[in-house]
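Peer 1: what's the 3D shape of this:
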Amino acid sequence: METLKHDWQDLIHNAVPQQVPQAELRTDGAVQEEVSCYLPLLQEAQRSIYERAKHHITFSSPMLSMVSDSGEIPFLYPNTVTVISAKTGKHKTRLAELLCSVVLKHPENQHGNHGLLNIVARTSREYAVVYVDTERNLKEQVPYSIQNIKAKAGYDRFADLPGFDYISLVEIERRNRFAALEEYLNFVRKKSLGKHLFVVLDVVSDCCGNFNDPLESMPLVDMLNVTINRFDVTFVCVIHQNPSPHDAKSRGHLGTELENKASTIITLGMESASDLIKIGCRKQRTAKPFESFYARYSEAEHGLVLASQADVAASVGTTARVIDWAAVFGSDTEVPSEKLKQRLAAFCTVSQSTAVRYIGTAVRQGELIKTSGSKRAPYRINPSGGTNRETWGAGIEQPETYHSSHDPYRK
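Peer 2: Down below sits the predicted model:
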């Protein structure tokens, strides 16, 4: 991507490269001149789109891919925003750290790809990594995390690593964190010219004053979008999901807008009664979402490793799991079909299409009753129970929807 003379701060806050007179009709009928602040920027974008639209569009290759028996599967694309979304304590940060190790990986890393979940980075690019932490203490937790990132990448955990920057916003007053983040990213981008900048924001909702206030959260979202379009930058945003077990949405207005704007949404959830971590893809804008796979936390590796086929089969494939419909319904006697689908998907950590199949099976087996023949009619639990019990989880689950790689515009 070409280096542009404008800083993205100027483009967002001072987007006035020149002043253009515009005619406006006053209330007394006279014409007065008004200065346009935005026309030059709009025209610049228009020219760029116009020129690109005259040529064949070649889409970017994945920046990160998963190596499988069938080849490489796209995991994350450059110049995009990726969201890692999960409940508290579901290893979001460990996945983000692992992705940093993948990008920084030493060419002679003795750990191989298995220790990095079989995820590899495109080697035709030179990268710089910035890890922005907002939660952990500065005496032990953040330094230990940095050591682990370097060690898993194949370097001495105590060595200085060129191209690896890390900061903490913990000591910055919350209302000033967005400005501090802007300033630092502008600084590190300039010193990393010629490299693709891989930025992790952990946790992104701590990077603005109030993640529920559009006036404070939208400037952060806009900054991310402007940056990936103007400069050679990719963002990974770690965010908590709402605390309710029935709600898998990322927290706040910021979470809603990030999920709308993100090119990739990665989710993590714990398999019930096991130590398996299910890593799934809720959205992939440019390619088919990758299939869910399983990992576990390894004390020996100080991070995530792929679960063995035997572990998956023992915990997911062959052991039947009974759905606790009472827990899904909670205090509700009846639950509308759409809400039940969403609740069950979050409860079982499956896609909504899989949840629909579970509901259908439960109805056929007499566990649930639909209150009428209407498609949107609510469900209730059959007090007499069913002849069988629905179970969930069997091996690797297909994602909810597929969209063709020939349709990169799908939201």
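
Peer 1: from now on I want contacts and neighbour counts done on CA atoms only, so please keep to that.
Peer 2: OK.

Peer 1: ok, which stretches of the stretch 251-400 of the chain are strands?
Peer 2: 264-270, 276-284, 293-298, 303-306, 334-335, 368-370, 379-381 (DSSP state E, counting those that start in this stretch).

Peer 1: need those in TSV (columns: mean pLDDT, mean neighbour count and distance to Tyr131).
Peer 2: Converted to TSV, these look like this (pLDDT from 0 to 100; neighbours: other CA atoms under 10 Å; distance: least, CA to CA, whole Å):
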stretch	mean pLDDT	mean neighbour count	distance to Tyr131
strand 264-270	93	23	18
strand 276-284	93	23	21
strand 293-298	91	19	21
strand 303-306	92	20	17
strand 334-335	93	18	42
strand 368-370	90	20	47
strand 379-381	93	21	46
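
Peer 1: and those: which comes nearest Glu72?
Peer 2: Within those, the stretch nearest Glu72 is strand 293-298; the backing value is 14.4 Å (CA to CA).

Peer 1: angle of that closest one against strand 276-284?
Peer 2: Strand 293-298 runs at 140 degrees relative to strand 276-284, counting by axes from the mean of the first three to the mean of the last three CA atoms, to 10 degrees.

Peer 1: with just CA atoms, put strand 293-298 into PDB.
Peer 2: Presented in PDB, the C-alpha positions along strand 293-298 are these (Å, rounded to 0.1, in the frame of the first residue of the first chain):
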ATOM      1  CA  PHE A 293     -11.900 -26.600  15.900                       C
ATOM      2  CA  TYR A 294     -10.800 -27.500  19.400                       C
ATOM      3  CA  ALA A 295      -7.800 -26.400  21.500                       C
ATOM      4  CA  ARG A 296      -6.900 -26.800  25.100                       C
ATOM      5  CA  TYR A 297      -4.700 -24.900  27.500                       C
ATOM      6  CA  SER A 298      -1.300 -26.500  28.100                       C
END
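
Peer 1: quick one on the thing from earlier: which of the strands of the stretch 251-400 of the chain sits closest to Pro214?
Peer 2: strand 264-270 (20.9 Å).

Peer 1: my guess is Gln342 meets Gln352, correct?
Peer 2: Yes. Gln342 is within contact range of Gln352, at 6.3 Å (criterion: CA atoms under 8 Å).

Peer 1: for Met66, which of the strands of the stretch 251-400 of the chain is the nearest?
Peer 2: That would be strand 293-298 among the strands of the stretch 251-400 of the chain, by CA to CA, at 10.7 Å.

Peer 1: that closest one pairs with which strands?
Peer 2: Using DSSP bridges, the strands paired with strand 293-298 are strand 276-284 (antiparallel), strand 303-306 (antiparallel).

Peer 1: quick one, it and strand 264-270 angle?
Peer 2: Using the same axes, to 10 degrees: strand 293-298 against strand 264-270 is 60 degrees.

Peer 1: what's strand 293-298 in contact with?
Peer 2: Applying CA atoms under 8 Å, 6 or more residues apart in numbering, the external contacts of strand 293-298 come out as 117, 275-280, 303-307, 312, 396-397.

Peer 1: among the residues you listed, which one sits closest to Leu220?
Peer 2: Closest to Leu220, out of all of the contacts of strand 293-298 and judged by CA to CA, is Gly280, at 25.6 Å.

Peer 1: skipping adjacent residues, who's closest to Val67 in space?
Peer 2: Asn118 (5.4 Å; CA to CA, 6 or more residues apart in numbering).

Peer 1: how near is that neighbour to Ala313?
Peer 2: 20 Å (CA to CA, to the nearest Å).

Peer 1: could you do Thr333 as well?
Peer 2: In terms of CA to CA, Thr333 sits 35 Å off from Ala313.

Peer 1: name the SS class of Gly115, please.
Peer 2: On the three-state scheme (DSSP: H, G, I helix; E, B strand; the rest coil), Gly115 is labelled helix.

Peer 1: these two touch, right, it and Gly154?
Peer 2: No. Taking contacts as CA under 8 Å, Gly115 lies outside contact range of Gly154: 10.5 Å.

Peer 1: so where do the helices sit in this protein?
Peer 2: In the chain, helices defined by DSSP state H lie at 8-13, 39-53, 92-104, 141-152, 177-191, 214-230, 252-261, 309-312, 325-329, 337-348, 352-364, listed in chain order.

Peer 1: which helices and strands does the third one pack with?
Peer 2: With contacts defined as 3 or more CA pairs under 8 Å, 6 or more residues apart in numbering; DSSP states H and E, the packing partners of helix 92-104 are strand 81-86, strand 119-121, strand 127-133, helix 141-152, strand 196-202, strand 233-240, strand 303-306.

Peer 1: what's the burial count for Asp160?
Peer 2: Asp160 has 10 neighbours, counted by other CA atoms under 10 Å.

Peer 1: check the offset of stretch 39-55 from the chain's centre.
Peer 2: A distance of 29 Å separates the centroid of the chain from that of stretch 39-55, by CA atoms, centre = their mean, to the nearest Å.

Peer 1: mean confidence (pLDDT) on it, please.
Peer 2: Model confidence over stretch 39-55, given as mean pLDDT, is 92.

Peer 1: just the CA trace of that stretch, in CSV.
Peer 2: Output of stretch 39-55 as CSV, limited to C-alpha atoms (Å, rounded to 0.1, in the frame of the first residue of the first chain):
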residue,chain,number,x,y,z
LEU,A,39,-15.5,18.1,-0.5
PRO,A,40,-11.7,17.7,-1.1
LEU,A,41,-11.6,14.5,1.0
LEU,A,42,-14.7,13.1,-0.8
GLN,A,43,-13.3,13.9,-4.2
GLU,A,44,-10.0,12.3,-3.2
ALA,A,45,-11.8,9.1,-2.2
GLN,A,46,-13.9,9.3,-5.4
ARG,A,47,-10.8,9.5,-7.6
SER,A,48,-9.3,6.5,-5.9
ILE,A,49,-12.4,4.4,-6.3
TYR,A,50,-12.8,5.5,-9.9
GLU,A,51,-9.3,4.5,-10.8
ARG,A,52,-9.4,1.2,-9.1
ALA,A,53,-12.8,0.4,-10.7
LYS,A,54,-11.3,0.7,-14.2
HIS,A,55,-9.1,-2.3,-13.5
